[in-house]
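# curious how this folds, go ahead:
(one chain, ligands or ions: 3)
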Amino acid sequence: MNVAKVIVDVPSAAIDQTFDYEIPERFMDILTPGMRVIVPFGPRKIMGFVVQITDQSSFNKLKPILEVLDLVPVLTEELLNLGRWLANETLSLSINALQVMLPQVLKSKYKKEIVRSTEENLPLELEDLFQGRDVIPFEEFENSPLTYNQLKKAVDAGDVSIDYVVQSRITKKYITMVAPLKEIHLLEEALQDLPKSAKKQRAIIEYFIEQPEEISQKLLLSKLQTTSSTIKSLVEKGLIETYRKEVYRNPYDDDAIERTAPLTLNAEQQSAIEPILESIENEKHEVFLLHGVTGSGKTEVYLQAIQEVINKGQEAIVLVPEISLTPQMVNRFKSRFGKSVAVMHSALSAGEKFDEWRKIQRREVQVVVGARSAIFSPFENLGIIIIDEEHENSYKQEEQPRYHARDVAIERGKNNSIPVILGSATPTLESFARASKGVYKLATLKNRTNNKPMPEVITVDMREELHAGNRTMFSRLLMDKVRDCLEKGEQIVLLLNRRGYSTFIMCRDCGHVKECPHCDIALTYHKNNQTLKCHYCSYEELVPHSCPECSSDSIRYFGTGTQRVEEALAQIIPEARVIRMDVDTTRKKGAHEKLLRDFAEKKGDILLGTQMIAKGLDFENVTLVGVLTADSMLHIPDFRSSEKTFQLLTQVSGRAGRHELTGEVIVQTYTPEHYSIELASKYNFEEFYKKEMAMRRAFQYPPYYYLALITITHPNQVVVVQSAQQMVKQLQQIVQPGSIILGPTPSPIPRIKDRYRYQCMIKYKHEPNLRKNIQAVMNYFKDQIQKNDLQIIVDMQPYQMM
Ligand SMILES: Nc1ncnc2c1ncn2[C@@H]1O[C@H](COP(=O)(O)OP(=O)(O)OP(=O)(O)O)[C@@H](O)[C@H]1O
Ligand SMILES: [Zn+2]
Ligand SMILES: [Zn+2]
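Residues are numbered from 1 along each chain as shown. Ligands and ions are numbered 1, 2, ... in the order given. Below you'll find the model as predicted:
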């Protein structure tokens, strides 16, 4: 068994295969699949993943593996298999499919060190290596007579660990600890011996006599108002010691979280959880769709199912949309399961993410709560996977590998014979259709746990407002209600159903709109620093004083961004304190949390924001929710726009009246008769489902048809058009008779980063070989891709049509 099959880190279709390498003697006993290695590749040394170890190769002379990067595999056997499935399913490169499962730190340049993790004596050779130090650079081991096998034994025994040091040590954090070295009665003796004048030293000894536990040096210094030189002199006397201790960077203050006990489930929750518990018990893979109105207690069902899994000694993955991963949400899990919970969140630093990942890898936690990528958590004894708000688009990754976390969850569910729960107040049509057909098991929670009705929704026709002479963006009814609320000291959530960056600059004289010079899209106006920015390529420039086309100086910004709403509010109700939440105000780390905390602490009357305020928030003092422009999403060219509108309106309505106070919702719209607005205002999901299904059937969209979107890009427009036409011709030859090919057409954003973009879409019901066939078509373009800078992006089951 001296041949390793390795996927190398060269993201190119021409290299997308395993390469054979010889395993040198010194790595023979330690190398296992799932470890990263350094191998020679042409003139370079590059990283690769060992995916298989075998004893034969069809090549005669193999190059040897140069270095082994891990002594514990970073990918489990299950994840390696999942990687193969993922690459195949999403038509991605194997290397991308494996990389996506790992935290950033393991993908970048790093140094390694060996850390002593025991006070016990180590084998002699190791003691020689450490020479009294606690941490040594990995290279010292490589230059020592010690074998990898000996080191691995020490790692497996938990005596030492290997750590990765990413530039400037961001992977680990240490604090200096101080602890007594002598027993209490010896400390008391020492105290007698210390001269009375050595007040500071005496204070430290007295402290440890009272409290003989370790304490961080920093805390000790501040507690006793003492100095590090005082500590040092006691260390020299052999009375106390100082040492470094690794602390996990913990973004959440665990100890401050109060523990909660399971609630007694109500009848609906009880009948929802029973089949799930059965499935856990019988280790049977099933997918449950938990359709529960907002505030119906879905989370409590998750918590109790997870408890069952933990009791069985198994582990749980909970996916939550990125923007709902608020401390509020995380605390619900931490308050039930304490330190057994890891959190994976993109707002964490690379080091923090790595720490959380390591807790999973080292089996220090049983539960992970995280955004999309947490689906790849390296648990080896999974018992359940839960996807909260399963309808959220953020579960789809919009770069290679273009996977949907729901599909990955179900695949892992199958592989592990465990249940998968999809929860939502507004399930996707796809999921609800599967549940209706019995492919998924449906559980429904119709009532809020507080037994209050859903807040009443009043739609306001904005056309009538205009007729009545109201030209503001607020209807008279909404303003009355807002004032009412303010008087009663209650709070308000205002949703602008649109992104913050929709504000653009236009010349009033000639109509010129400032666009990005590299992308065919209007630049976004940012008021705070008077700049125009491109959302797609980060291009940035200062706002011009006059029109670049006609030199007129009546250049204005347009569009109803949140900034403008804020200004308008300030004019109409100057006394209201507004907290604005959008891409601009939440860019800084921790800003999102801070704004929410401020609102919870009633430092603001109105929470004004984009989509990001619609979900998961639970404030007891919120009694009014206003939606400023319910229809703005209906007009984007996306077959899911009605569904998204329905989902958003339902979600945001669910923010009101969740506790004692009754809530109310005002929805402003120019198309009150549109079924998604009308039915959302009545909370009628079933009826919406029927109507929307009929539309999808009529227009041949999912869930009746599957989609594959192929986007072709190139700096030269002629090349793109020609290639796209060739692409459609090729596709026509591979698809089944019932399938439909649309295009080629320019993409909705026809140019990004100086590359022109065309697309074509395949709609199909049954194409068992589609992936293989598309791969073959890609092969047809191989030369153009490699030599001519052509790019082809395949998105199986696309969510973004851009
Ligand atoms: N069995 C129960 N008895 C009493 N209170 C409960 C019970 N189950 C849940 N609750 C409480 O009801 C409230 C709403 O529950 P929860 O937030 O879990 O609902 P949800 O369906 O997840 O809501 P959303 O989808 O809106 O986030 C919470 O405050 C929760 O503590
Ligand atoms: Zn002009
Ligand atoms: Zn741009």
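# for the residue in the stretch 651-800 of the chain that ligand 2 sits nearest to, which non-adjacent residue is spatially closest?
Closest to ligand 2 within the stretch 651-800 of the chain is R751: 22.4 Å, counting by CB to the ion. C-betas here are computed from N, CA, C, even on glycine. Distance criterion CB to CB, 6 or more residues apart in numbering; nearest residue to R751, sequence neighbours excluded, is D520 at 4.2 Å.
# again with D407
That would be E89: by CB to CB, 6+ apart, it lies 7.0 Å from D407.
# can I assume the one you found is in contact with L770?
No. E89 lies out of contact with L770 (CB atoms under 8 Å); the separation is 11.2 Å.
# how many neighbours does P401 have?
Residues lying near P401 (other CB atoms under 10 Å) number 21.
# do L617 as well
Look at L617: counted by other CB under 10 Å, it has 24 neighbours.
# that one reaches M329, doesn't it?
No. At 9.3 Å, L617 and M329 do not qualify as touching, with contact defined as CB under 8 Å.
# contact residues of the stretch 351-500 of the chain facing ligand 1?
425, 449 (CB under 6 Å from any ligand atom).
# helices along the stretch 351-500 of the chain, start to end?
With DSSP state H, counting those that start in this stretch, the ranges of helices along the stretch 351-500 of the chain come out as 405-416, 429-436, 462-467, 476-488.
# with the stretch 551-700 of the chain instead?
Secondary structure of the stretch 551-700 of the chain (DSSP H, counting those that start in this stretch): helices located at 562-572, 591-600, 641-653, 675-681, 685-698.
# which one of the ones you listed lies nearest to F379?
For those, proximity to F379 was assessed by CB to CB; helix 591-600 is nearest, at 27.1 Å.
# next one: phi and psi at the residue of the stretch 651-800 of the chain closest to ligand 2?
phi -150, psi 130 (degrees, to the nearest 10).
# roughly how far apart are it and I505?
Between R751 and I505 the computed distance is 19 Å (CB to CB, to the nearest Å).
# do T585 as well
For T585 relative to I505 (CB to CB), the value is 20 Å.
# same question for H512.
In terms of CB to CB, H512 sits 9 Å off from I505.
# when these two are compared, which one has more neighbours?
More crowded of H512 and I505, by other CB under 10 Å: I505, with 21 against 16.
# tell me the contacts of the closest residue to the more buried one other than its chain neighbours?
For I505, ignoring the flanking residues on the chain, the nearest one in space by CB to CB, 6+ apart is K514 at 4.7 Å. Residues in contact with K514 (CB atoms under 8 Å, 6 or more residues apart in numbering) are 504-506, 522-523, 532, 544, 548.
# dump the residues you listed into a markdown table; add distance to ligand 2, pLDDT and secondary structure as well.
Below are those laid out as a markdown table (distance: CB to the ion, whole Å; pLDDT from 0 to 100; DSSP: H, G, I helix; E, B strand; the rest coil):
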| residue | distance to ligand 2 | pLDDT | secondary structure |
| --- | --- | --- | --- |
| F504 | 14 | 72 | strand |
| I505 | 11 | 77 | strand |
| M506 | 9 | 78 | strand |
| A522 | 15 | 79 | strand |
| L523 | 15 | 83 | coil |
| L532 | 15 | 86 | strand |
| P544 | 10 | 87 | coil |
| P548 | 8 | 85 | coil |
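# and the residue nearest to D407, how many neighbours does it have?
Quick note: E89 (other CB under 10 Å) scores 20 neighbours.
# swap in V578?
In terms of burial, V578 registers 18 neighbours under the definition other CB under 10 Å.
# okay, it and E566: tell me how far apart.
Where E566 is concerned, V578 sits at a distance of 6 Å (CB to CB).
# still on that earlier bit, nearest to Q307, of the helices of the stretch 351-500 of the chain?
Proximity to Q307, assessed across the helices of the stretch 351-500 of the chain by CB to CB, is greatest for helix 405-416 (18.4 Å).
# pLDDT on the closest one, on average?
What helix 405-416 shows for mean pLDDT is 98.
# how far does it sit from its chain's centre?
Remark: helix 405-416 is offset 17 Å from the chain centroid, using CA atoms, centre = their mean, to the nearest Å.
# elements contacting it?
helix 77-90, strand 315-319, strand 382-387, strand 420-424 (3 or more CB pairs under 8 Å, 6 or more residues apart in numbering; DSSP states H and E).
# turn those into TSV, columns for mean pLDDT.
Shown next, in TSV, are the helices and strands packed on helix 405-416 (pLDDT from 0 to 100):
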stretch	mean pLDDT
helix 77-90	96
strand 315-319	97
strand 382-387	98
strand 420-424	97
